[in-house]
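*Asks:* sequence-free structure coming up:
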């Protein structure tokens, strides 16, 4: 791919360099070689620019580099341009219109002609599989499931009855969509009585679900993951939850039932959300945080229980000095005892 073609594909402009320069790949600053494009997004990696062997580099507006022997591609966001370059060099393989002979498809299922279905796939009664869908081996699709165009299900995925997956979704290995919610009623005999989980899960378009993630169906109604949400590996989404558009949920996070997560929220690794809570649009919960209360729009919170991130940072700074404060307190107590011995008990 010529430099000019790469610039167009990546939404960048050529600031310096030969437009006909051949670029054949993309890699990070430390491993890029001749004929590859790299990027600089984080200022702390600026020293690596001097030693990179890349033939071209993406830089953001306002960032200057001192080398004159490397082609410079400038864009609003160098990391986004680099990502677009990677996508250009590594496009998704074209779908192969094929149904493996070991696949078991119920006669009542509606399966488009332009699909790829691997070995040992099971598709239940009344399910609808749209064109462009790729289903890898050993996927199980229960009855009355709907899967939109160009969605990809990797091996080991299970999609439970009545669930709906939109277009252009990606479900990674061994995730389960629509498993029973964790709902039980305690009887007078103090035994747990299972509450029927008769709802479903809806994934809207452009949702990606990582490996080994579980999204519970609603007890009634639906659990819904809205357009563009991205959910990492090993995440638990409880019954009747809503995750709004373009939200990012990182690994080992857990949402208790009936949580509502707003638009563009970021839940970092191992975050916990208690049931029936609302996390507002553009909020951020940093890693290992947990909240038992609603979170306002745009708020950044940390800790267990979660509170304002800036206050949390100050608190943790004090926490590290608690041992020192304890020594000071003991000295003050001894001083107070001496004063009382001399002047009498202090009120």
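*Replies:* Ah, there it is. Being a predicted model, the structure only gives us computed values, none of them experimental.
*Asks:* The stretch 1-150 of the chain: helices as residue ranges?
*Replies:* Counting by DSSP state H, counting those that start in this stretch, one finds helices in the stretch 1-150 of the chain at the ranges 3-10, 78-89.
*Asks:* Could I get the ones you listed in JSON lines, plus columns for mean neighbour count, mean pLDDT and distance to residue 326?
*Replies:* (Each C-beta comes from the backbone N, C-alpha and C, glycine too.) Shown next, in JSON lines, are those (neighbours: other CB atoms under 10 Å; pLDDT from 0 to 100; distance: least, CB to CB, whole Å):
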{"stretch": "helix 3-10", "mean neighbour count": "20", "mean pLDDT": "95", "distance to residue 326": "56"}
{"stretch": "helix 78-89", "mean neighbour count": "19", "mean pLDDT": "96", "distance to residue 326": "46"}
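*Asks:* Same list (those) but as a markdown table, adding distance to residue 113.
*Replies:* As requested, these are exported to a markdown table (distance: least, CB to CB, whole Å):
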| stretch | distance to residue 113 |
| --- | --- |
| helix 3-10 | 31 |
| helix 78-89 | 27 |
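*Asks:* Determine which of the ones you listed approaches residue 59 most closely.
*Replies:* helix 78-89 (5.3 Å; CB to CB).
*Asks:* helices and strands around the closest one, which ones?
*Replies:* Under the contact criterion of 3 or more CB pairs under 8 Å, 6 or more residues apart in numbering; DSSP states H and E, helix 78-89 touches helix 3-10, strand 25-26, strand 36-40, strand 56-60.
*Asks:* Turn those into TSV, columns for distance to residue 283.
*Replies:* Below are these laid out as TSV (distance: least, CB to CB, whole Å):
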stretch	distance to residue 283
helix 3-10	31
strand 25-26	33
strand 36-40	29
strand 56-60	26
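*Asks:* Tell me which of these lies nearest to residue 252.
*Replies:* Among these, the nearest to residue 252 by CB to CB is strand 36-40 (29.0 Å).
*Asks:* now the closest one: how far from the chain's centre is it?
*Replies:* Distance of strand 36-40 from its chain centroid, counting by CA atoms, centre = their mean, to the nearest Å, is 25 Å.
*Asks:* Over to stretch 22-35?
*Replies:* The answer for stretch 22-35 is 27 Å, by CA atoms, centre = their mean.
*Asks:* Could you list the buried residues of it?
*Replies:* Neighbour counts over stretch 22-35 (16 or more other CB atoms under 10 Å) mark 23, 25-27, 29, 32 as buried.
*Asks:* end to end, how far does it reach?
*Replies:* Stretch 22-35 has an end-to-end distance of 6 Å (CA to CA, to the nearest Å).
*Asks:* Other residues contacting it?
*Replies:* 1-3, 6, 36-40, 45, 48-49, 52-57, 82, 85-86, 89 (CB atoms under 8 Å, 6 or more residues apart in numbering).
*Asks:* Weed out the non-buried ones from the residues you listed.
*Replies:* The neighbour-count test (16+ other CB under 10 Å) marks 1, 3, 6, 36-40, 49, 52, 54-57, 82, 85, 89 as buried among these.
*Asks:* Just give me the neighbour total for residue 113.
*Replies:* Residue 113 is flanked by 7 other residues according to other CB atoms under 10 Å.
*Asks:* Same check on residue 165?
*Replies:* By other CB under 10 Å, the residues close to residue 165 number 28.
*Asks:* check contacts around it.
*Replies:* 145-148, 151, 159, 171, 177, 203, 207.
*Asks:* what are the phi and psi values for it?
*Replies:* phi -110, psi 130 (degrees, to the nearest 10).
*Asks:* Any idea which of the helices of the stretch 1-150 of the chain gets closest to residue 189?
*Replies:* helix 78-89 (57.5 Å).
*Asks:* which residues touch the closest one?
*Replies:* 1, 6, 9-12, 24-26, 37-41, 58-60, 63, 73, 75.
*Asks:* One more pass at 6 Å, please.
*Replies:* 9-12, 25-26, 37, 39-41, 58-60, 75 (CB atoms under 6 Å, 6 or more residues apart in numbering).
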